Each structure stands twice: as structure tokens, then as C-alpha cells.
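**Q** Could you look at this predicted model? Sequence included:
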There are 2 protein chains.
Amino acid sequence: MPERAVAGGKEKFVETPVESTRERLLNVAEQRFGEGGYEGTSLRAITVAAAANIAAVNYHFGSKEALLRAAVARAMAPVNTERRRRLDQLEARGGPSAEQVIRAFIEPGLDLVLRRGERGAVVARFIGRIAFDPSQRIRELYAAESDPIESRYLAALQSALPHASPEAVAFGYVNMLGLLALHQSQALSRAPGVDDAEDPGKLAENLVAFLVAAFDRGLRT
Amino acid sequence: MPERAVAGGKEKFVETPVESTRERLLNVAEQRFGEGGYEGTSLRAITVAAAANIAAVNYHFGSKEALLRAAVARAMAPVNTERRRRLDQLEARGGPSAEQVIRAFIEPGLDLVLRRGERGAVVARFIGRIAFDPSQRIRELYAAESDPIESRYLAALQSALPHASPEAVAFGYVNMLGLLALHQSQALSRAPGVDDAEDPGKLAENLVAFLVAAFDRGLRT
DNA sequence: GCATAGTTCAAACGGTCGTTTGAACTGGAG
DNA sequence: CTCCAGTTCAAACGACCGTTTGAACTATGC
């Protein structure tokens, strides 16, 4: 690894100013896959934008799909971590409300990812786009990253809404998942500047309020 | 047009038992585009399944995108007609409730299209998939078919919810649009048989109830 | 019959796709 | 220095893409 010269006992802190080829590929893949989807984005478009050779993808990742898988894993990791942290915190205090659980799910997806400048929006769009890619294969690839905490959220919602049947809670959950993804991918912002160009905090508040009302009073049975 | 021999004054009622090449192409395009998306579906896959020559697409439609455009127009036409009809009927009686307006929007998308056997589900999945295709170009192509009645629904929702700001009503509308599309495309049914394999009427009722609660009590400002 | 417009067909066009190859380059280890 | 694993590179691979061509076929109108 000549790139990061941190081998050996001494930390040499070369502080490479430019990202490694691998990191540049992941960054550009996030952006392009988020704009054009998986099928609609070619490896050549990615490698050109990343100033890398086309063979670098297969060298660092193995295939186009493996590149996507790595990008999804990297993008979802902080979101999953934050969701777990919030859920731990809520459950430690015991008996969280539906609003608290919903907020703990939505805000890490919009907040944490939409803040910190332009890259956050890129990551959000990437996640939202991949979550509902036309190809079932790609969707499952995303689901594999999202599933592990799904059962925890389902259980938390169920205890917050004891009157609702498990089917109704699951119905609300997938609706929440879908609406979040659509807002993340910015596919719901057709009229410019109507509701999404504003700060993500406001969008998160609107979405949480929308979902809380639906969960509290909109679940049948 | 040797296919349908209905020319001349006399109706000869040849009653061609098989659909025309043009119709077969539209039918298969609905199915395949709905399964794999626009970019993920090749004209060759469509023409082979339709038992047509690859050149037939460009002969009957002009291009791949024109085929999609024709398929979208054909699939949306009855939905738009039914939505207009319901809205006319509601407005004739004056002052419809939010639930009535929401129902008039959702049910034509699920009901009318999910009933009548297997083809209905194919059309629904096609519409839902195209509505949120990764390519903005494709999404706009769908929006062009859906927009004409959008303003009418926005106005009806606004009068049913006078306390809500126009921005809030628009926010609810796009959420309704998105959730409907996701259910149409069957992208929200990951666990088999949980909530979507049931009859579409139940799904429509669940979705309407979910949205009514969100509209009535979940819109901020 | 012949002419004709509509439709289908096999074949090929140039281009782009994801992937692979093998050589060239890089920089620390011995 | 030599060695060597890690990385980059230009080039090519076969496959598939959407589109076009021009001839062949079909059924009607004259």
C-alpha cells in the first residue's frame, strides 16, 4: 500500500491530501448511482469522473455490483449506527412513544445525512435511490443493510401502539421506509423550492408529524 | 392495415383473435418495464417476448422512449379518466371531505387497476415503477401524464383542509403520490404475504385510512 | 391480372457495456 | 542496489445495446 504510508511502528502521518483511488471511486459512485440509478450509470462514467482507470474498479472491488455494495455499506453505516444509538437511548428510558421511535428512525436518515454541506445530500440521494431501484436484486442489496435493525423498530413501534395489529404496524413501517427514501432521493420535489430546498430540519419535522398522525390514528384493526 | 380488415363501408368483423403486433409490444413493454425498469429492459427482450421483430418497435413507435411514452399514456388513460369522473361527481355535490378526495385519488390507482385478473397487477406495477424511475427524464415523462389533474386535486384538498397552508397540502399530496406509486410497484412488499398479497380492496382501505389521518392531523402550519 | 401501401423480416450498423489481460510503474523491505 | 507486493495503465475482449437498412411478404384497391 504505497498510498497511505502508515506502515511500520512509527506513524508517519503523511496526511495524503487527496483521497485514495478507492475512496474517490466510492465518492463518485455515490453521486452517479444516486443520479442515474445502477443500470443507468456506467463504470466508465464513474472512473472518468474519479480520474481513475476503468480497471481500478475490478481491482479494488471486483465488479460493478461489488462497488455498489461497498458504497451502500459505507453510506448506511453511520445511519445504522445513529439509529441503534437512539433506539438504545430510548429503550433505556423505557416505553418510548411512537413519535420518539419514528423520530429516531427518520432523523438519522435526513438530518445526519443532509447536514454537513453538499456531500450529505449526495449520500441521501444515493441511499434513497438504491432503496427503490427498479431491479429487485439491487433493492435486496440495500435491504440487507437495513434489515438488521428493522425488527427492533417494529418491536418498538408495536409496544408504543398496543392497539394496532402486527400487520398494521408493519404496514406503517414500510410506508415510513418508503416515504423517507423518496424524500432522501429528492424524487418528491417536482416544484422547485416548494418544500425540499429548505433546510432538512424542517423537512424532517414535517415528515415526522405526517407519520406520527398516520401511525397514531391511521392504522386499521 | 391488413391486420384489422375493417376498412370500407361494411364492417367485416374479422375478429382477429390475436392482438396486433403493436398491442403485443405495448403489453410486453408494460410487463418488462415494470419488472426491470426502463434502463434495465432491452428492446430485444421485449420483442422476443412479444414474438415480434426488433425493427417493429421503431416501425410502430419510432424509438424505445417513444414505446415507453405510448405505454405510459395507454396505462394512465383509464386511471385519469376515473379520477376526473370521481372528482366531478364529488364537486357536483359540493364540499367533499379530505377522505373523499383522497379516496378518489387512491382507489382508481389500486382498485381499477389491480382488479380484473393478472394484467391489472402488471399495469399497476408498470405505473408505479415508471413514476419513480431513477432517470429524471423518465419521471418527467410520467409526470406529464399525471400533472393535468394534479391542480384539481390540490385545490380540492385545500378546500377540505382550510386550516392547512398550501405548502402543507402540497407536501401531503406528494406523499400520497409517492406512497401510492410504491404500493403499485409492489416495492413495499418484502415479506411475502404480509400485506399486499391480499386483495387490493383491503390495501386501498389501509392506505386511505393511513393518508386520511396524516392529512387531517399530520400537516404542520 | 397489376399496382400499392402496410407490415414483417434477417442482417448489419456504430457504439457502449462490464470485464480481463499483461505490462509498466511505485515505493518500502531486505 | 535488488526484490517484490501493491497499484495503475492502455488496450482489447466478447457481448449486448438502440437503431437502420432494404428486401420480402401480405392483403386490399384498381
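**A** Great, that's in hand.
**Q** going forward, measure contacts and count neighbours with C-alpha atoms only.
**A** Will do.
**Q** where in chain A is pLDDT low?
**A** For chain A, the stretches flagged by pLDDT under 70 are A:1-18, A:112-117, A:190-200.
**Q** Next up, the contacts around the most centrally placed residue in chain A.
**A** Nearest residue to the geometric centre of chain A (Cα atoms, centre = their mean): residue A:127, 4.1 Å. Residues near residue A:127 by Cα atoms under 8 Å, 6 or more residues apart in numbering or on different chains: A:34, A:72, A:75, A:76, A:181, A:184, A:185.
**Q** Run a quick check on the fourth one versus residue A:145, I expect a contact.
**A** Yes. With contact taken as Cα atoms under 8 Å, residue A:76 and residue A:145 are classed as touching, separated by 7.0 Å.
**Q** The lengthiest helix in chain A close to DNA strand C?
**A** Criterion DSSP state H: the longest helix present in chain A is helix A:64-93. Yes. Applying Cα under 7 Å from any atom of the strand, one finds helix A:64-93 in contact with DNA strand C at A:64, A:65.
**Q** how far off helix A:64-93 does the helix or strand following that helix point, in degrees?
**A** The first helix or strand that comes after helix A:64-93 along the chain, using DSSP states H and E, is helix A:98-114. When axes from the mean of the first three to the mean of the last three Cα atoms, to 10 degrees is applied, the directions of helix A:98-114 and helix A:64-93 differ by 140 degrees.
**Q** Show me where chain A has its helices.
**A** Taking DSSP H as the criterion, chain A carries its helices at A:21-36, A:43-49, A:55-60, A:64-93, A:98-114, A:117-131, A:136-146, A:150-160, A:166-184, A:200-217.
**Q** Out of these, which is closest to residue B:55?
**A** helix A:21-36 (27.3 Å; Cα to Cα).
**Q** who does that closest one touch, helix- and strand-wise?
**A** Other helices and strands packing on helix A:21-36, by 3 or more Cα pairs under 8 Å, 6 or more residues apart in numbering or on different chains; DSSP states H and E, are helix A:43-49, helix A:55-60, helix A:64-93, helix A:117-131.
**Q** Recalculate using a threshold of 7 Å.
**A** helix A:43-49, helix A:117-131 (3 or more Cα pairs under 7 Å, 6 or more residues apart in numbering or on different chains; DSSP states H and E).
**Q** okay, stretch A:137-157 in PDB with CA atoms only?
**A** Listed next in PDB are the C-alpha coordinates belonging to stretch A:137-157 (Å, rounded to 0.1, in the frame of the first residue of the first chain):
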ATOM      1  CA  ARG A 137     -31.500  -7.600  -6.900                       C
ATOM      2  CA  ILE A 138     -30.400  -4.100  -6.100                       C
ATOM      3  CA  ARG A 139     -33.200  -3.500  -3.600                       C
ATOM      4  CA  GLU A 140     -32.300  -6.600  -1.800                       C
ATOM      5  CA  LEU A 141     -28.800  -5.500  -1.600                       C
ATOM      6  CA  TYR A 142     -30.000  -2.400   0.200                       C
ATOM      7  CA  ALA A 143     -32.400  -4.300   2.400                       C
ATOM      8  CA  ALA A 144     -29.600  -6.400   3.600                       C
ATOM      9  CA  GLU A 145     -28.000  -3.300   5.100                       C
ATOM     10  CA  SER A 146     -31.200  -2.000   6.500                       C
ATOM     11  CA  ASP A 147     -32.800  -5.200   7.800                       C
ATOM     12  CA  PRO A 148     -30.800  -5.800  11.000                       C
ATOM     13  CA  ILE A 149     -32.400  -3.000  12.900                       C
ATOM     14  CA  GLU A 150     -35.800  -3.400  11.200                       C
ATOM     15  CA  SER A 151     -37.100  -5.900  13.800                       C
ATOM     16  CA  ARG A 152     -36.100  -3.600  16.600                       C
ATOM     17  CA  TYR A 153     -38.000  -0.700  15.200                       C
ATOM     18  CA  LEU A 154     -41.000  -3.000  14.600                       C
ATOM     19  CA  ALA A 155     -41.000  -4.100  18.100                       C
ATOM     20  CA  ALA A 156     -40.600  -0.600  19.500                       C
ATOM     21  CA  LEU A 157     -43.500   0.600  17.400                       C
END
